[in-house]
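Enquirer: structure for the following, please:
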Amino acid sequence: MIKNKKMQVDRRIQKLIDFTKEKFGLEDYCLERHSLSRSVNIFNETVYTLCMEWFPSYVIEPVDDGSNPEGTAVMEIDVNSQKFKSAIFVMGKTYAKDGIAFANLDTNKIIKWIEAETGLTYGKQFQLHKEAEGEIEFKECFEGVAVSPSGFIDIKFNQKGKLTSFSVHGQFPSKERVKEETYTLSLEAVEHLAKEQLKLIEYPSYEQKKLFSIYGVEEIYVTNDQTSTIPFEFIADVESYLKIDKTIYWEDPINRPFGRQEISWMEDITAEQAFSCEPSPVSFPITKVEQDKCVMAVEDLLRQEYPNDTGKWMLKTLHRDKGYIHAIVRANHHDNRVFQRKLMIMIDAKSLQAINYMDNKPMLEIFDQFQVPDKATITKEDAFEKMKQLFELKPYYVYDFKQKQYVLCRKIDCQYGVNAESGEVIALDDL
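Expert: Here you go, the predicted structure:
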C-alpha cells in the first residue's frame with residue numbers, strides 16, 4: 001500500500017489525487033493518507049482502486065482511536081476507468097467548497113449527474129428503487145429487468161443539496177455481456193419445478209423461542225428455455241468457485257490438536273501493477289495439483305478436529321480469497337432447519353496447508369433451546385394447492401459462470417408459507 005504522504009508520489013497517482021480534490025471541492029482539506037488495493041469482479045477481471053482519506057483542514061491530529069474525524073472525505077476511484085466507486089463524507093458532514101450540489105434536490109438532475117458520473121443509462125442499466133429524505137437508492141438492471149448478482153447506486157445529500165455520500169456497487173453489464181431473449185416463461189410451464197422447490201422447513205421464531213414447521217419455497221432461477229436452473233446460493237456468493245462435491249472419508253484420525261493461525265493479509269500494490277492492470281493471483285484458476293492438495297488439507301483438518309466424523313462431511317467448493325483458498329464444507333446429514341451445518345476452512349495459497357477454520361455450530365446451538373415444532377399434519381400436495389396462486393415468477397438477467405454471460409431467467413419464489421401443523425397460510429416475514 002502507498003501510505004506515507006511525504007513519499008515521492010507517482011505522477012499518475014498524483015493526477016488522480018488532483019482530479020479528486022478539484023472535482024469534490026476539497027480546497028479546505030488535506031490528504032491524510034492514500035493506498036492502492038485490488039479486487040476481482042465476477043468476470044474474473046482485476047480492478048485496481050485508489051482510496052484517499054482527506055481530513056478537514058481544522059484537524060491537527062488524527063483521532064486517538066484511529067477513526068476518521070467528522071467531515072473526513074473518503075474517496076475511492078477505479079484507477080483505470082477513473083470512475084468513482086464511492087465518495088463519502090464521514091457523519092454526513094461536508095466542508096467542501098464548490099463541490100457537488102443539487103439545486104432544489106431535483107431527482108431528474110440527480111439522475112443526469114449519476115449518468116454523467118458513471119457512464120450508465122437510466123432505465124437501461126439502473127432504475128429507481130426507493131427515495132427517503134436526503135437519500136435516493138437505485139438498483140442495477142438491464143433494459144429495466146432486474147439483474148443477479150444485483151448492484152446498487154446510493155446517493156445522499158444534506159438540506160442544502162450538498163453531496164454527502166455516493167457509492168456504486170455492482171457490475172452494470174453492457175449489451176455485449178447479455179444474451180438478450182424474448183421472455184416466454186409462464187408459471188404453468190414451470191409448475192412442476194415450483195412444486196419441487198416447496199420444502200418442509202423448520203423456521204425459527206426468535207420472539208416466541210419456537211421452531212415452526214413451514215412449507216416454504218427454496219428460491220431458484222429457471223432459464224428462459226427451461227433447459228437448466230441456477231441455484232440461488234451460487235448467485236448470492238459472487239466469488240468464482242470450483243465445484244468439488246466430494247465426501248471425505250478416512251480410516252485413522254490424527255491425534256494432535258490443530259494449531260490455528262491468525263488470518264492476516266496485506267498486499268503492497270505498486271502504481272506499475274495498477275496502471276498495467278496486472279492480473280491478481282485471485283483471478284488465477286485453481287490447478288489440479290492445488291485442488292488435490294486442498295482436498296488433503298481439508299481431510300487432515302477433519303481428521304484432527306472431527307476424528308469420528310468420517311463420511312459425514314462433503315467438500316462443496318474451493319475459491320481463492322486474497323492469499324488463501326477457502327474450502328466450503330457442509331455436513332452430509334441434513335435436517336429440516338433453515339440453517340445447515342457448515343465449515344469454512346482457510347488454506348494458505350502457498351503452503352496449501354489449512355491454517356484456520358470457522359464452524360457455524362455455535363450459531364445453530366441457539367435453536368436447541370427453542371421449543372420443537374408439533375407434528376406436521378398437512379401434506380406437501382395440500383400446501384402447494386394453498387400456495388399456488390401466491391408463487392412469484394420474476395424476470396432476472398442472471399450471470400451464468402459457465403456461459404460467462406447474463407442469461408434471461410425467472411426466479412421462482414414466494415413470500416408466504418403454509419404452517420404444516422395448522423394449514424394456515426402465513427407471511428414468512430411475520431415469523
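Enquirer: so how far does stretch 110-126 reach from one end to the other?
Expert: 13 Å (C-alpha to C-alpha, to the nearest Å).
Enquirer: go on, stretch 230-247?
Expert: End-to-end distance (C-alpha to C-alpha), stretch 230-247: 22 Å.
Enquirer: same deal with stretch 414-425?
Expert: One end of stretch 414-425 sits 12 Å from the other (C-alpha to C-alpha).
Enquirer: now do the buried residues in the helix of greatest length in the chain.
Expert: Ranked by residue count and defined by DSSP state H, the top helix of the chain is helix 288-305. Of all the residues in helix 288-305, those buried under the rule 16 or more other C-beta atoms under 10 Å are 290-291, 293-295, 297-299, 301-305. Placement of C-beta: from N, CA and C, glycine included.
Enquirer: for that helix, packing partners?
Expert: Applying 3 or more C-beta pairs under 8 Å, 6 or more residues apart in numbering; DSSP states H and E, we find helix 288-305 packed against strand 242-248, strand 313-321, strand 324-331, strand 342-348, strand 354-359.
Enquirer: pLDDT averaged over that helix - what is it?
Expert: Mean pLDDT, helix 288-305: 98.
Enquirer: one more: stretch 344-354?
Expert: 97.
Enquirer: ok, residues contacting it?
Expert: Residues outside stretch 344-354 that contact it (C-beta atoms under 8 Å, 6 or more residues apart in numbering): 258, 263, 281, 290, 293-294, 297-298, 300-301, 320, 323-329, 355-358.
Enquirer: same check on stretch 273-292?
Expert: 12, 36, 38-40, 44-46, 48, 50, 79-80, 240, 242, 244, 272, 294, 318-323, 325, 349, 352.
Enquirer: just the buried members of those?
Expert: Looking at those with 16+ other C-beta under 10 Å, the buried ones turn out to be 36, 38, 40, 46, 48, 50, 79, 240, 244, 294, 318-323, 325, 349, 352.
Enquirer: low-confidence regions, this structure specifically.
Expert: 1-7, 60-66, 233-240 (pLDDT under 70).
Enquirer: domain-wise, how is it divided?
Expert: Following automatic domain parsing, the chain resolves into domains at 11-177, 179-431.
Enquirer: off-centre distance for the last one?
Expert: The chain centre lies 13 Å from the centre of domain 179-431; the measure is C-alpha atoms, centre = their mean, to the nearest Å.
Enquirer: and that domain, end to end?
Expert: One end of domain 179-431 sits 39 Å from the other (C-alpha to C-alpha).
Enquirer: my read: Tyr94 touches Thr164, true?
Expert: Not Tyr; residue 94 is Thr. Yes. Counting by C-beta atoms under 8 Å, Thr164 is a contact partner of Thr94 at 5.5 Å.
Enquirer: Ala376 is in contact with Ser213, isn't it?
Expert: Yes. Counting by C-beta under 8 Å, Ser213 is a contact partner of Ala376 at 5.0 Å.
Enquirer: identify the contacts common to those two.
Expert: What both Ala376 and Ser213 touch, as defined by C-beta under 8 Å, 6+ apart, is the set 200, 420-421.
Enquirer: restrict those to the buried ones and give me that as a PyMOL selection.
Expert: The buried residues among the shared contacts of Ala376 and Ser213 can be selected in PyMOL (16+ other C-beta under 10 Å) with this line:
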select buried, resi 200+420
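Enquirer: same list (the shared contacts of Ala376 and Ser213) but as JSON lines, adding distance to Pro395 and secondary structure.
Expert: JSON lines is the format used below for the shared contacts of Ala376 and Ser213 (distance: C-beta to C-beta, whole Å; DSSP: H, G, I helix; E, B strand; the rest coil):
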{"residue": "Leu200", "distance to Pro395": "28", "secondary structure": "strand"}
{"residue": "Ala420", "distance to Pro395": "31", "secondary structure": "coil"}
{"residue": "Glu421", "distance to Pro395": "35", "secondary structure": "coil"}
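Enquirer: can you pull out the strands in the stretch 151-300 of the chain?
Expert: 152-157, 163-169, 178-179, 198-205, 210-217, 220-223, 229-231, 242-248 (DSSP state E, counting those that start in this stretch).
Enquirer: mind listing what Thr223 touches?
Expert: Taking C-beta under 8 Å, 6+ apart, we find Thr223 in contact with 229-230, 407-409.
Enquirer: among those residues, who's most crowded?
Expert: Comparing the contacts of Thr223 by number of neighbours (other C-beta atoms under 10 Å), Cys409 comes first, having 28 neighbours.
Enquirer: tell me the SS of that residue?
Expert: What DSSP: H, G, I helix; E, B strand; the rest coil gives for Cys409 is strand.
Enquirer: leaving out sequence neighbours, find the closest residue to it.
Expert: Nearest residue to Cys409, sequence neighbours excluded (C-beta to C-beta, 6 or more residues apart in numbering): Tyr221, at 4.1 Å.
Enquirer: and that neighbour, what does it touch?
Expert: By C-beta under 8 Å, 6+ apart, the contact list for Tyr221 reads 148, 229-232, 235, 396, 398, 409-412.
Enquirer: one more time with 6 Å, if that's ok
Expert: By C-beta atoms under 6 Å, 6 or more residues apart in numbering, Tyr221 lies in contact with 230, 398, 409, 411.
Enquirer: next one: Phe258
Expert: 304-305.
Enquirer: mind doing that once more with 8 Å?
Expert: 301, 304-305, 354, 357.
Enquirer: quick check: it vs Pro307, distance?
Expert: Per C-beta to C-beta, to the nearest Å, Phe258 is found 11 Å from Pro307.
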